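>>> pasting the structure only:
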C-alpha cells in the first residue's frame with residue numbers, strides 16, 4: 001500500500017537490533033503529525049530558550065513543564081486510542097532503563113540520598129525525552145524537524161553568549177549565558193554537537209538553506225571560541241576534522257585550513273582566559289579536572305557496586321580531594337566516563353557506556369547504509385555529534401545533561417525509520 005494513501009497503514013517489522021513492533025496510525029497525508037510531536041518540538045525549543053531566566057515572570061506558569069506534561073498526556077492518549085504503539089529500540093532503550101534502575105538503587109546507599117533522588121528525577125526527565133524522540137520522530141521528515149528545532153534553538157544560547165562577551169559580562173575572562181548554559185564549558189559542549197548536525201542537515205538542500213545553516217554554524221563557532229573552553233575547542237576541531245574526512249572534498253579541506261588559520265590568529269590575539277594550552281602541568285584548572293577523575297576512581301574503589309549516589313560526586317569530593325590541591329569549593333567529577341563509575345558503580349557505568357556506545361555504533365551503521373542516502377547523511381551527522389559529546393566528556397561531567405539523550409534518541413529514531421521503510 002502506498003504511504004500516500006488515506007487509509008490507515010499497519011506494519012509489523014523486526015530488524016536486527018530492533019524489537020518487533022506493530023505500528024498502526026493514519027498516514028501523514030490524512031492526519032498530519034500527531035500533537036505529541038509538535039509538543040516535543042515546543043519542549044526542545046523551550047529547553048534552549050531558558051525562558052524563565054530571560055522572562056522571569058514566565059516562571060509562574062512553568063512553560064517547559066506544562067508543555068512536557070501535555071506532550072506526555074497526548075502520547076498516552078494516542079497510544080490508548082490506537083493511533084500508535086510505543087516503540088522500544090533495542091539495545092539503547094534497555095541500557096537507558098538499566099541505568100535508571102541502577103541510579104534509583106544508588107539513592108538507597110548514597111552519601112546524600114536527597115541529592116541522589118533529585119538527580120534521579122532529572123535523569124528520568126532526560127530519559128523521557130529520549131523515548132519521546134524515538135516514538136514521535138517516526139518518519140524522516142519528522143526527524144529532520146527535530147534536528148531543525150535544536151539547530152535553530154541553539155542560536156539562542158550562542159547569541160546570548162556572544163552578547164555577554166561583547167558587553168563584557170564575563171567570568172574569569174569567559175563568556176556564557178543563562179540557566180543550563182551558565183557554565184562556559186557546557187555552552188561550548190552543547191554547541192559543538194550541533195555543528196555536525198547542521199552540516200549534514202544541509203546536504204541535498206538548496207543554496208539558501210545551505211547558506212543559512214552555514215551562517216548558523218559560524219555563530220556557533222564564534223560562541224564556542226568566546227567561552228574559551230579548551231575541551232570545547234578540542235572537540236570542535238575533532239568534529240570538523242571528522243566532517244572533512246567524511247566529505248573528502250577539496251573545498252571542505254580548504255575551508256578547514258582557513259578555519260584553523262583563523263583560529264590560531266584569533267586565539268593568539270583575543271584569548272582572554274587566564275589559562276591556555278601551555279603549561280598544563282602547573283595549570284590549577286587542569287589539575288583540578290585531573291584530580292576529580294582520580295577522586296571518582298577512588299569513590300568507585302570504596303563503593304564499587306552502586307557508587308556514592310547519582311549526582312553525589314560533588315558531595316564526596318571533599319572526602320577524596322588531594323590535600324595539596326587548591327579548590328574553591330566542591331567539584332563534580334569532570335569526566336563523563338568516570339562520573340557514572342564513581343556515582344553509580346560498575347553496573348551503572350556499564351549501562352551508561354553501553355547506551356552511548358550503541359548510539360555511536362548504530363549511527364555509524366546508518367551512515368554506511370547506501371540504500372537510503374538521505375538517512376545515511378543524517379546518521380553520519382549524528383555519529384559525529386555523539387563523538388563530539390564523548391570528546392567533550394573527557395574534560396567534563398555531562399551525565400546529567402539533556403544532550404546525550406537527545407542525540408541517541410535521534411539515532412534510535414533513525415534506526416526505526418530505516419526498519420519501517
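Happy to help now that I have it. The model shown is predicted, which means the values in this text are computed figures rather than measured ones.
>>> so what touches stretch 307-320?
103, 106-107, 109-113, 115-116, 118-120, 122-123, 292, 294-296, 298-300, 302, 327, 330-333, 339-345, 348, 397, 400 (C-beta atoms under 8 Å, 6 or more residues apart in numbering). To be clear about C-beta, it is placed using only N, CA and C from the backbone, and glycine gets the same treatment.
>>> what about those, which are in strands?
Among those, no member is found in strands (DSSP state E).
>>> mind giving me the PyMOL select for those residues, buried ones only?
Here is the PyMOL command that selects the buried residues among the contacts of stretch 307-320 (16 or more other C-beta atoms under 10 Å):
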select buried, resi 103+106+107+110+111+112+115+116+119+120+123+292+294+295+296+299+300+331+332+333+339+340+341+342+343+344+345+348+397+400
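>>> helix or strand right after the longest helix seen in the chain?
Scanning the chain for the longest helix, with DSSP state H as the assignment, gives helix 338-367. Per DSSP states H and E, the first helix or strand lying C-terminal to helix 338-367 is helix 373-393.
>>> mind listing what's buried along that next one?
So for helix 373-393, counting by 16+ other C-beta under 10 Å, buried means 375-393.
>>> which residues of the stretch 151-300 of the chain fall in helices?
Assigned by DSSP state H, counting those that start in this stretch, the helices in the stretch 151-300 of the chain fall at 155-166, 184-192, 194-201, 207-227, 230-247, 250-270, 284-302.
>>> now do the longest helix of the chain: which elements does it pack against?
On a contact count with 3 or more C-beta pairs under 8 Å, 6 or more residues apart in numbering; DSSP states H and E, helix 338-367 meets helix 92-109, helix 284-302, helix 313-320, helix 373-393, helix 403-420.
>>> mind listing what's buried along it?
In helix 338-367, counting by 16+ other C-beta under 10 Å, buried: 338-367.
>>> show me the shaky parts of the chain.
Counting by pLDDT under 70, the chain has low-confidence residues at 1-31, 83-84, 248-286, 324-330, 420-421.
>>> cutoff 50 now
Per-residue confidence for the chain (pLDDT under 50) gives these ranges: 1-31, 276, 280, 420-421.
>>> still on that earlier bit, of the helices and strands packed on helix 338-367, which is nearest residue 206?
Closest to residue 206 of the helices and strands packed on helix 338-367 is helix 373-393 (C-beta to C-beta; 14.4 Å).
>>> so which other helices or strands are in contact with the closest one?
helix 140-153, helix 184-192, helix 194-201, helix 230-247, helix 338-367, helix 403-420.
>>> and that helix with helix 184-192, angle?
Angle of helix 373-393 versus helix 184-192, following axes from the mean of the first three to the mean of the last three C-alpha atoms, to 10 degrees, is 170 degrees.
>>> ok, the nearest residue to residue 338 once chain neighbours are set aside to residue 161 distance?
Nearest in space to residue 338, with sequence neighbours left out and distances taken as C-beta to C-beta, 6 or more residues apart in numbering, is residue 296 at 4.0 Å. For residue 296, the distance to residue 161 equals 29 Å [C-beta to C-beta, to the nearest Å].
>>> before we move on, what about residue 152?
When distance is defined by C-beta to C-beta, residue 152 is 16 Å away from residue 161.
>>> more neighbours, the two?
Neighbours were counted for residue 152 and for residue 161 using other C-beta atoms under 10 Å; residue 161 has more, 29 against 16.
>>> wait, the more buried one sits on residue 175?
Yes: between residue 161 and residue 175 there is a contact under C-beta atoms under 8 Å: 5.0 Å.
>>> tabulate the helices and strands packed on helix 373-393 in CSV, adding columns for distance to residue 85.
Output for these, formatted as CSV (distance: least, C-beta to C-beta, whole Å):
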stretch, distance to residue 85
helix 140-153, 16
helix 184-192, 33
helix 194-201, 28
helix 230-247, 35
helix 338-367, 21
helix 403-420, 12
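>>> identify whichever of those lies nearest to residue 168.
Taking C-beta to C-beta, helix 184-192 is the member of these nearest to residue 168, at 14.8 Å.
>>> what angle sits between the closest one and helix 207-227?
Using the same axes, to 10 degrees: helix 184-192 against helix 207-227 is 160 degrees.
>>> re the thing from before, what's the closest of the helices and strands packed on helix 338-367 to residue 222?
Residue 222 lies closest to helix 373-393 among those, at 17.2 Å (C-beta to C-beta).
>>> any idea how far the closest one is from the chain center?
Between the centre of helix 373-393 and the centre of its chain there are 11 Å (C-alpha atoms, centre = their mean, to the nearest Å).
>>> what do you get for stretch 115-129?
From the chain centre to the centre of stretch 115-129 is a distance of 15 Å (C-alpha atoms, centre = their mean).
>>> roughly how far does residue 181 sit from residue 401?
Distance from residue 181 to residue 401, by C-beta to C-beta: 11 Å.
>>> neighbour count for the two, which is higher?
Neighbours per residue (other C-beta under 10 Å) separate residue 181 from residue 401, with residue 181 holding more: 25 against 20.
>>> for the more buried one, which non-adjacent residue is closest in space?
Per C-beta to C-beta, 6+ apart, closest to residue 181 is residue 157, 4.2 Å.
>>> hang on, residue 153 packs against residue 42?
No: counting by C-beta under 8 Å, residue 42 is not a contact partner of residue 153; they are 10.5 Å apart.
>>> overlap in contacts of residue 161 and residue 175?
With C-beta under 8 Å, 6+ apart, residue 161 and residue 175 have common neighbours 184, 187, 223, 226-227.
>>> and these, which are buried?
Counted by 16+ other C-beta under 10 Å, these give 184, 187, 223, 226-227 as buried.
>>> got the end-to-end distance for stretch 195-212?
Terminal residues of stretch 195-212 lie 13 Å apart, using C-alpha to C-alpha, to the nearest Å.
>>> what does it rub up against?
144, 147-148, 150-151, 213-214, 216-217, 220-221, 236, 239-240, 242-243, 374, 377-378, 380-382, 384-385, 388.
>>> got the buried residues for it?
Counting neighbours by 16+ other C-beta under 10 Å, stretch 195-212 gives 195-203, 212 as buried.
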